[in-house]
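# structure of the sequence below:
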Amino acid sequence: MERLSSDLKRKGIKIWLYQNNIKVGDSIIDKIEKGLLEQDFLGIVLSPNSVNSAWVKKELNAGLIREINENFSFILPILIKKCKIPPLISDKKYADFRKNYEMGFDDLLQVLLPKETITKKTPEIIRETEEKDIHKLLTILNNPFSNENDKNEAFEKIIELKTVYILIQIYENVWTPYQRKLKALNVISENPLGNENYLYSIIENPFSSIEEQEISLEGLLRANSEKYLNELLNGVFTPSWIIERISSNHE
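Residues are numbered from 1 along each chain as shown. Predicted structure coming up:
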């Protein structure tokens, strides 16, 4: 779900995920009801655990009522593991993620994005810049024969776009200079929603520098990612400065 959430956001699709939208003290029922009413579609992730979940059954029932009342396909089944599909949606075609994630994701995009957007345009998140232009910038950046001025200019243009999945590629490239990596990571941290798992993995990586951990931690705090913040608080090997920073943020 985290990977799917992140990939959909990178395609410019707004999503509502209960982990990110329900805080301590909120009414779970009210929040889920509000989420179901405000969204264009309801994605039901199907697995042996989910189809037996009381909460999923309630969400599915609510979704079916909206589908009947408004007479359109509101529920999108997303099959990730072999399971018994609920009878009321067994006639629906599902996006099959079991064997090939990319194929399942493409099937889902056929519904969530207009056809011309998929075939001709890049996602809104890259601000209508064509993929070929992004490719040119990356070519300059990764070419060992490019001069530093050209590389810096290409990198600054990429930073301006705030295209997170491109910045992740730059950050993970072993040939990226350290200061450039930090700048890329800063932008990722400033746009943390959907990237919480990635930021958490950097903090947990024993080879990450303290600067990288600090930047990533700020992203998790900015996203108010209770799941990962609690894991850090309860981690046996979590450095004391991280625990103090999280605790001070909660006060």
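# any weak-confidence spans in the protein?
Scanning the chain for pLDDT under 70 picks out the ranges 18-23, 25-28, 31-32, 35, 114-132, 251.
# domain-wise, how is it divided?
Domain segmentation of the chain under automatic domain parsing yields 2-120, 124-250.
# can I get the ones you listed in a markdown table with mean neighbour count?
Glycine gets a C-beta too; all of them are placed from N, C-alpha and C. Below are those laid out as a markdown table (neighbours: other C-beta atoms under 10 Å):
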| stretch | mean neighbour count |
| --- | --- |
| domain 2-120 | 14 |
| domain 124-250 | 16 |
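# the longest helix in this structure is where?
In terms of residue count, the longest helix belonging to the chain (DSSP state H) is helix 54-70.
# quick one, helices of the stretch 51-200 of the chain?
Taking DSSP state H, counting those that start in this stretch as the test, the helices found in the stretch 51-200 of the chain are 54-70, 101-112, 115-120, 131-142, 148-161, 164-172, 178-190, 196-204.
# can you redo these as a markdown table with distance to residue 214?
Listed next are the helices of the stretch 51-200 of the chain as a markdown table, based on distance: least, C-beta to C-beta, whole Å:
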| stretch | distance to residue 214 |
| --- | --- |
| helix 54-70 | 36 |
| helix 101-112 | 32 |
| helix 115-120 | 37 |
| helix 131-142 | 25 |
| helix 148-161 | 19 |
| helix 164-172 | 15 |
| helix 178-190 | 9 |
| helix 196-204 | 9 |
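# among those, which is nearest residue 250?
Minimum separation from residue 250 across these (C-beta to C-beta) falls at helix 196-204, 16.8 Å.
# residues making contact with that closest one?
2-3, 6, 168, 185, 188-189, 192, 208, 212-213, 216-217, 219-220, 223, 225, 227-228, 231-232, 242 (C-beta atoms under 8 Å, 6 or more residues apart in numbering).
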